[in-house]
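Participant: Test case, fold it:
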Amino acid sequence: MNMADKIERAAAGAVLDRLLKYVDKDPQGNLLKLVNLGEKLLGGTFPQHYIDAFRKGITDGDNVYYEMAMNILRDVDRDVIKKMLLAMGLGAGVKGTKAVRENREKYKCNIPFQILLDPTSACNCKCDGCWAAEYGHKHNLTYEEMSSIVSQGRELGTHFYMFTGGEPLIRKDDIIKLCAEYPDCGFLAYTNGHLVDEKLCDEMKRVGNFALALSIEGTEETTDARRGEGNYQKVISAMKLLKSKGCLFGMSVCYTRNNIDQVTSDEFLDKMVDLGVKYGLYFNFMPVGHGASPDLIPTPDQREYMYKWLRRVRNSKTGKPMFFMDFQSDGEYVGGCIAGGRNYFHINSAGDMEPCVFIHFSDSNIRTHTLLEGLKNPLFMAFRHDQPFNDNHLRPCPMLENPQCLRDIVKRTGAKSTNFLGEETAEMLCSKCDKFAEEWAPRAEELWNSTKHPNHKTQYYRDTVEGRKEFGTAEKK
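Facilitator: Sure thing, here's the model as predicted:
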C-alpha cells in the first residue's frame, strides 16, 4: 500500500472503531450507521438486495438479518470485524471493484474479483467423490509463488483470495504470513477443520482478514459416510473453539443426491447457528475425477427443491440468521457462470491456471505465465467470448448443465487436462453430466419462465463494441 492508501485505511479504521465501540449502547442506531458505512466501503461487492435487507432488518427486531447482525457483534472479535471490513470493504469493494472494471476495459479480457488457489495437493482426508483424495502429496505452491499471485492480482484489482486443496491448513503458517503481508486483501480457506487449534485461532484474530469455511454435510451419519468416521465430531469441536475465540467462520456444504434432506433441515441449520456459523456456502456435487460417480449428482427434483429452499432460508421472516449462497442456484444474481476469470478462476497446487475449481483444464501456468498472460490466453478468452453459456441462469455451468460447451471450448483451444494422476478428457468428464443436463433442461426452463429474476446488470463480451460487431446485436440498454 502507498502512503495515501494507508492514510485512507487509518481514517476508515478510526470511524469503524468508534461505531463498534458504541454499538452496544444503541444497537439499532449504530448498526444502521455501520451498515451505511459498510455500503460505501463495500462498493458493490455484495448484491444490493443483501445490503437493503440488512438495513431493513435493523429496524425490525423480529427480522432474521437483525438477529444475524447481533450474533456477529456478540460472537466475533471487534478487531476482526474491523479488519475484515477494511479488507473486503475498502480493499476489495472500493479499490478492487473500480480497478477490476477499469482493467477489464483496458486489457479486453476477464479480470476476476477473486482467485482460488491450492497451497498444496496434500490432504488428511479421503472423501468420497473428491478428486483431491486422488492427488497425493506431490504438489505445492511455494510461499513466494503465493505471494506473487496476490501481488499480481492486487495490481489488477483482485483483493479476495480463497484457499482450497488438498487441505489448505497443512500450510497454515504460510497462509497467516500471507494475510499479514497483504492486510488490504480478504482471505478464506475451505477446510475439514482437523488442524484448527488455539494457536491458529489466535493468529486469525491477530491478522483479522482471514476466515474459514468448514466442510460439513448435515448429520454425523451423512458427514462421516462421505468424509470418514470421526470427521463430524472434529468439525463440531473446531467450530466450538473458533466461536470461543471470537473468530469469523462459516460452513462449506457439498450437497449430493444422498444428503440434501440433512443439509437443508431446520435442525441442522439451527445447530450451525448455535455453534457460531455465520455463512453457509453450498455447492452442487460435480463428478470431477476418475473416481467420481454421476450417481451423486442431485436429481432435477432436488435441484428445484434447492432453488426454492434457498429463497425460504434467506427470507427476512421465515429464514435463518446466516448468509447463504448456492453457487448453482444463485446464477441468476451473477449472470450465470462466473468462471474463466469473469469473477474468479482457480490455480492448482502445480501452478496451472484453470477456469474453475471444477474444470481441470489449462493452457497457462504461473511458473511460465503472468496472471494477465493466462487471462488473455485462448482458454480464458474462450470463456469470456462464450459467456453466458445459457441465457437461463438456472443452467449456468458449461460442464454440468451445458456439457457440449465445455467439449467445444477444450477442442477449440487445445487446453490440456490437469488431472495429476492421468488425463481426464473433456469427453470423459462431460459424458458424466449429459444425462443430468438433458433431464434438468425442461425443468429449468419451466422454473425460469414462471419466476421473477433480479436484474444482475452484467455486461458480457457480446455486449461490448467488439462483441456487438461480431454477434450482430444491438447495444444493451
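Participant: When you work out contacts or count neighbours from here on, use the C-alpha atoms and nothing else.
Facilitator: Will do.
Participant: For residue 56, pull up the helix or strand it's in.
Facilitator: helix 48-58 (DSSP states H and E).
Participant: Ok, residue 237 next?
Facilitator: helix 231-244.
Participant: List the pairing partners of the helix or strand just after that helix within its sheet, with orientation.
Facilitator: Downstream of helix 231-244, the first helix or strand assigned by DSSP H and E is strand 249-255. Note on strand 249-255: by DSSP bridges, its sheet partners are strand 210-215 (parallel), strand 279-284 (parallel).
Participant: And strand 249-255, what's buried?
Facilitator: Using 16 or more other Cα atoms under 10 Å as the test for burial, strand 249-255 gives 249, 250, 251, 252, 253, 254, 255.
Participant: Please put the alpha-carbon coordinates of that strand into CSV.
Facilitator: Presented in CSV, the C-alpha positions along strand 249-255 are these (Å, rounded to 0.1, in the frame of the first residue of the first chain):
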residue,chain,number,x,y,z
PHE,A,249,-16.1,-18.7,10.2
GLY,A,250,-18.8,-20.4,8.2
MET,A,251,-19.6,-23.8,6.7
SER,A,252,-19.0,-25.3,3.3
VAL,A,253,-21.6,-27.8,2.2
CYS,A,254,-21.4,-30.1,-0.8
TYR,A,255,-24.9,-31.3,-1.5
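Participant: Touching the helix or strand following that strand from outside, list them.
Facilitator: Scanning forward in sequence from strand 249-255 by DSSP H and E, the next helix or strand is helix 260-263. Residues from elsewhere that reach helix 260-263 (Cα atoms under 8 Å, 6 or more residues apart in numbering): 217, 218, 219, 222, 253, 255, 268, 269, 302.
Participant: Buried members of the residues you listed into PyMOL, please.
Facilitator: One line in PyMOL is enough to select the buried ones among the contacts of helix 260-263; burial here means 16+ other Cα under 10 Å:
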select buried, resi 217+218+219+222+253+255+269+302
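Participant: Which members of the contacts of helix 260-263 are positioned in helices?
Facilitator: 222, 268, 269, 302 (DSSP state H).
Participant: Which one of these is nearest to residue 3?
Facilitator: residue 269 (44.5 Å; Cα to Cα).
Participant: How much space separates the closest one from residue 65?
Facilitator: Separation of residue 269 from residue 65 (Cα to Cα, to the nearest Å): 15 Å.
Participant: burial measure for residue 312, as a count.
Facilitator: Counted with other Cα atoms under 10 Å, residues neighbouring residue 312 total 14.
Participant: same question, residue 145
Facilitator: The burial count for residue 145: 15, using other Cα under 10 Å.
Participant: and what of residue 453?
Facilitator: 11.
Participant: Check the one 4 residues further on too.
Facilitator: Other residues within reach of residue 457 by the criterion other Cα under 10 Å amount to 10.
Participant: contacting residues around it?
Facilitator: Taking Cα under 8 Å, 6+ apart, one finds residue 335 in contact with residue 457.
Participant: Who are the packing partners of the helix or strand hosting residue 70?
Facilitator: Residue 70 is part of helix 64-75, with elements assigned from DSSP H and E. Contact here means 3 or more Cα pairs under 8 Å, 6 or more residues apart in numbering; DSSP states H and E; on that basis helix 64-75 packs against helix 48-58.
Participant: average model confidence for the helix it packs on?
Facilitator: The average pLDDT within helix 48-58 is 69.
Participant: swap in stretch 189-202?
Facilitator: Rounded mean pLDDT across stretch 189-202 is 97.
Participant: List the neighbours of that stretch that are in contact with it.
Facilitator: With Cα under 8 Å, 6+ apart, stretch 189-202 has contacts from 125, 162-164, 167-170, 172, 210-216, 231, 234-235, 238, 241-242, 245, 247, 252.
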